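[1] Generate coordinates for the sequence data below:
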Amino acid sequence: MNTAVITGGAGGMGLATAKLLGHDHRIVIADLGQDRIDEAVKELTGLGITASGVVCDVTDDQSVRNLMQTAGSGGNRVRTVIHTAGVSPQMGKPDLIVRINALGTVNIARAFLPLAQEGDALVNVASYAGHALPAFLVPSRAFPLAESHPARFVRALVRRAGIVGRKQHAGFAYALSKTYVIWYSARLAARFGARGARVVSVSPGSFETAMGRLEADHGAADLLKVAALKRFGKPEEIAAVLAFCAGEAPGYLTGTDILVDGGTRAGQRNGGKSSTSTE
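    Numbers count the residues shown, from 1 in each chain. From the prediction side, this is the model:
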């Protein structure tokens, strides 16, 4: 049985995705807390899913390599990695947000690429926020530094995020980190494509997860005012997209981002107005 590694898989969209992929994959949950991992594995096992867990810090390159080595031990093929691990603006300072969301994605890709085979897939979770910034505010010239000079990369993004007030600093850093995930996923497509594998990023909007609830009073709920669907998304709804992208059926889908935001971006482009007019 092929293996699916899901980072941040002990809850929210990660666990929901594990339940979908578990019908034909061996699941390896990666998360920071052993207790959370144990609870998730128990729940998955109770559903008849073959599951195990590994404590992993995605900001630690060696920790990520250990995760991949463990997942692929015993001759098991790691066929897909769904990278949902990340933090929101209310969960840390700007430098921590950039290191986890951006550099964590680099570490995951580096560890999975040597293992990737024909038909494999890496699915990175970005965010609606990665689509929200005007291009002139994004320090895209610093993006390649994430692989070659990570400390300089972090400083560059944190410095740019500092152009706003202190209250918005973490939120701006978050948006920049997710803009990077979208950019980097597209950049990776050729590298994985040389091995017959795919890379896709998925950008959720406001979802009913622990992280989503944490951000509800800090702007996430306000987005519903312009969204086409006036509600938070359900974990199962984003999980369906992640599982599809990770599956074998969309074999020509790579190098792109899929925005799953309930029509929020579309509403913003329309000035926050909804209309049945065809004009």
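[2] C-alpha from now on. contacts and neighbour counts both.
    Fine.
[3] doesn't Gln268 make contact with Val226?
    Yes - between Val226 and Gln268 there is a contact under Cα atoms under 8 Å: 6.1 Å.
[4] out of these two, which sits in the busier spot?
    The neighbour comparison of Val226 against Gln268 (other Cα atoms under 10 Å) goes to Val226, with 21 against 16.
[5] what's the following helix or strand after the least confident helix or strand in the chain by mean pLDDT?
    In the chain, the helix or strand scored least confidently by mean pLDDT, DSSP states H and E is helix 210-215, which has a mean of 56. The helix or strand immediately downstream of helix 210-215 is helix 235-246, counting by DSSP states H and E.
[6] List of residues touching the helix or strand following that following helix?
    Beyond helix 235-246 on the C-terminal side, the first helix or strand identified by DSSP H and E is strand 256-260. By Cα atoms under 8 Å, 6 or more residues apart in numbering, the list of residues contacting strand 256-260 from outside reads 127-128, 182, 185-186, 199-205, 238.
[7] ChimeraX command for the buried members of the residues you listed?
    The ChimeraX selection below is limited to those of these classed as buried (16 or more other Cα atoms under 10 Å):
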select :127,128,182,185,186,199,200,201,202,203,204,205,238
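[8] Which one of the contacts of strand 256-260 is nearest to Phe232?
    Of all those, Gly205 has the smallest distance to Phe232: 8.1 Å, by Cα to Cα.
[9] Quick one: residues contacting the closest one.
    By Cα under 8 Å, 6+ apart, the residues touching Gly205 are 127-129, 233, 259-262, 264.
[10] isn't Ala156 right up against Ser140?
    No - in this structure, Ala156 is not within contact of Ser140 by Cα under 8 Å, at 9.9 Å.
[11] shaky segments in the stretch 101-250 of the chain?
    209-221 (pLDDT under 70).
[12] neighbours around Val158, how many?
    That count, for Val158 with other Cα under 10 Å as the rule, works out to 24.
[13] other SSEs contacting whichever strand or helix holds it?
    Element membership for Val158, per DSSP H and E: helix 150-161. For helix 150-161, the elements it packs on are helix 94-98, helix 145-148, helix 166-193, judged by 3 or more Cα pairs under 8 Å, 6 or more residues apart in numbering; DSSP states H and E.
[14] In the longest one, which residues are buried?
    The one in question is helix 166-193. Within helix 166-193, judged by 16+ other Cα under 10 Å, the buried ones are 168-186, 188-190, 192-193.
[15] Nearest to Leu47, out of the contacts of Gly205: which one, please.
    Distances from Leu47 to the contacts of Gly205, taken by Cα to Cα, are shortest for Gly233, at 23.7 Å.
[16] gap between the two ends of stretch 97-104?
    End-to-end span of stretch 97-104 (Cα to Cα, to the nearest Å): 10 Å.
[17] residues contacting the residue nearest to Ser52 when sequence neighbours are not counted?
    Nearest residue to Ser52, sequence neighbours excluded (Cα to Cα, 6 or more residues apart in numbering): Val28, at 5.0 Å. Counting by Cα under 8 Å, 6+ apart, Val28 makes contact with 3-6, 51-54, 71.
[18] hmm, 6 Å instead?
    5, 51-53 (Cα atoms under 6 Å, 6 or more residues apart in numbering).
[19] Let's see the PyMOL selection covering just the buried ones among the contacts of Gly205.
    Buried members of the contacts of Gly205, identified by 16+ other Cα under 10 Å, are gathered into one PyMOL selection as follows:
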select buried, resi 127+128+129+233+259+260+261+262+264
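[20] now for the contacts of Gly205, which pair is the farthest apart?
    Ala129 and Gly233 (15.4 Å).
[21] who does the most centrally placed residue in the chain bridge with?
    By Cα atoms, centre = their mean, the chain has its centre lying nearest to Val125, at 1.7 Å. Using DSSP bridges, the beta-bridge partners of Val125 come out as Val202.
[22] what number of residues lie near Ala40?
    21.
[23] From Gln34, how far off is it?
    Distance of Ala40 to Gln34, given as Cα to Cα: 10 Å.
[24] again with Ala156
    Per Cα to Cα, Ala156 is found 34 Å from Gln34.
[25] hang on, Ser52 in a strand?
    Yes - if the criterion is DSSP: H, G, I helix; E, B strand; the rest coil, then Ser52 is within a strand.
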